[in-house]
Structure formats: structure tokens, C-alpha cells
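Asks: could you look at this predicted model? Sequence included:
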Amino acid sequence: MADVFEVLKKDRDEVKAMLGWLADGQTAASGATTGQLEERKRLVDNLIIEESRHEAVEQQYFWPAVRRLGPEGDRVADQAIEQETSGEQILNELDRLAPDDHRFESVLAAFASDARAHIAFEEAHAWPLLSATLSQQESAELADKITQAKKLAPTRPHPSVPPQPSAQKTAGPLASAADKLRDVLTGRGRHS
């Protein structure tokens, strides 16, 4: 049975791999072909899908667990959620851009920088704080909740949905249904 940190690390590793590929990939400015730009957009779409799901379920389950640790948990959760909210706004902008738009690469670079800083913050502050208090059983139960919720999580950023667990649990399924319908109609995420 996986623990919550293994589940989150798997997500992190996938995001880091996508960011690495994007950093090394051809861009419009470097002379990418139409096919390469289409592939770049598919990868960005997959990045947005993964990040949207991940952050939604963290806000539903992980951050409430961190908050239960008292004032230090609240401080860490507040800072992380502020980072996630900023990242969600950047992803929302990136989602609307074509890979040949002159702003695409700068917005992607801003997200990559923020994402790496956020990952480092969580791993340095939230993970040690929570791992010191969770039993193996509690960690496995939290991992299961996150894994199950991720299947139903939105696939697009929704910056207008507050990052509170109740808002995510209420609006999340509606946003997810709308996202998945849009994804089916547009073919987004098929190559993930």
C-alpha cells in the first residue's frame, strides 16, 4: 500500500519530466515545425491536466491534513496554497495560448520556475511536517483518498474556485464534468 508521499512524488516526477521535455523541445522561435508545435501543445495540455488534478486534490485532502497540525501547519498550507493559486492563474493563461503565440514560451517559463519553487517548498516544509505526525496507516489512507479523488478532479485550471476543501469538493465534480466533456469534444488529453 503506497503512502501519501509516494503518490505525491509520482505526480511530481511526472511534472518534472514534462517540464524537462518542454525545456529541451523545439519552440516557434527556434524554428519548430508545425508538427513539433502541435506536440508541444499536447504536452502542455497534459501538463495542465496533471497539475489541475493534482492541485485540486491537494486542496481537498492534503492541505487540510497539514492544517490539523496547528499554527505551523496553517502557515505552511497558506504559503503553499498561495503558490498554487498563482500557478493556477498562469496555467489558465497558458491554456489559452497557442504554441506559436509570442507569449507562450514566457508564460510556460514562468510556470516552470514557479512549479519548481513550489515543489521544493512542499518537499522541504510540508512533507517533513506531516510525515512526522502521520502513522503508516493514516498516510496510506490519505494516499488512497488522493488517488481516488484525482480520477474525478478537474482537468483544467479554475482560478475562480476558492482553494478551500469544501469549495473544491462542491465545485470540483461540476468543473470536472464540464472539463471532461470539453476534452472529449476537442480531443484534448488523448495522447497522455
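Replies: Ah, there it is. Numbers count the residues shown, from 1 in each chain.

Asks: backbone torsions only: list them for the residue of the chain most remote from its centre.
Replies: No residue in the chain has its C-alpha farther from the mean C-alpha position than Gly31, which lies at 29.3 Å (Cα atoms, centre = their mean). Recorded main-chain torsions at Gly31 are phi 90, psi 30, according to degrees, to the nearest 10.

Asks: the helices in this protein, which residues?
Replies: Secondary structure of the chain, counting by DSSP state H: helices at 4-24, 34-57, 63-67, 71-95, 104-121, 127-131, 136-152, 165-186.

Asks: those into CSV, with extra columns for mean neighbour count and mean pLDDT?
Replies: Where you see a C-beta, it was placed from the backbone N, CA and C, and this is true even at glycine. Formatted as CSV, the entries for the helices of the chain read as follows, by neighbours: other Cβ atoms under 10 Å; pLDDT from 0 to 100:
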stretch, mean neighbour count, mean pLDDT
helix 4-24, 16, 94
helix 34-57, 20, 94
helix 63-67, 21, 96
helix 71-95, 18, 95
helix 104-121, 17, 96
helix 127-131, 17, 95
helix 136-152, 16, 94
helix 165-186, 15, 62
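
Asks: now do the contacts for the residue most central in space within the chain.
Replies: Within the chain, the residue whose C-alpha comes closest to the C-alpha centroid is Glu51; the distance, by Cα atoms, centre = their mean, is 1.9 Å. Glu51 makes contact with Val15, Gly87, Leu91, Ala115, Pro157, according to Cβ atoms under 8 Å, 6 or more residues apart in numbering.

Asks: and the closest residue to the third one other than its chain neighbours, how many neighbours?
Replies: Taking Cβ to Cβ, 6 or more residues apart in numbering, and ignoring the residues beside it in sequence, Leu91 has Pro157 as its nearest neighbour in space, at 4.4 Å. Burial of Pro157, expressed as a neighbour count using other Cβ atoms under 10 Å, amounts to 25.

Asks: Pro157 reaches Thr85, doesn't it?
Replies: No - applying Cβ atoms under 8 Å, one finds Pro157 not in contact with Thr85, separated by 9.8 Å.

Asks: OK, contacts around Asp144?
Replies: Residues Met1 are the ones in contact with Asp144 under the rule Cβ under 8 Å, 6+ apart.

Asks: and it, how far from Leu108?
Replies: As judged by Cβ to Cβ, to the nearest Å, Asp144 and Leu108 stand 33 Å apart.

Asks: same question, Asp101
Replies: For Asp101, the distance to Leu108 equals 10 Å [Cβ to Cβ].

Asks: please apply the same query to Leu19.
Replies: Taking Cβ to Cβ as the measure, Leu19 falls 9 Å from Leu108.

Asks: do the same with Gln26
Replies: As for Gln26, its distance to Leu108 is 13 Å (criterion: Cβ to Cβ).
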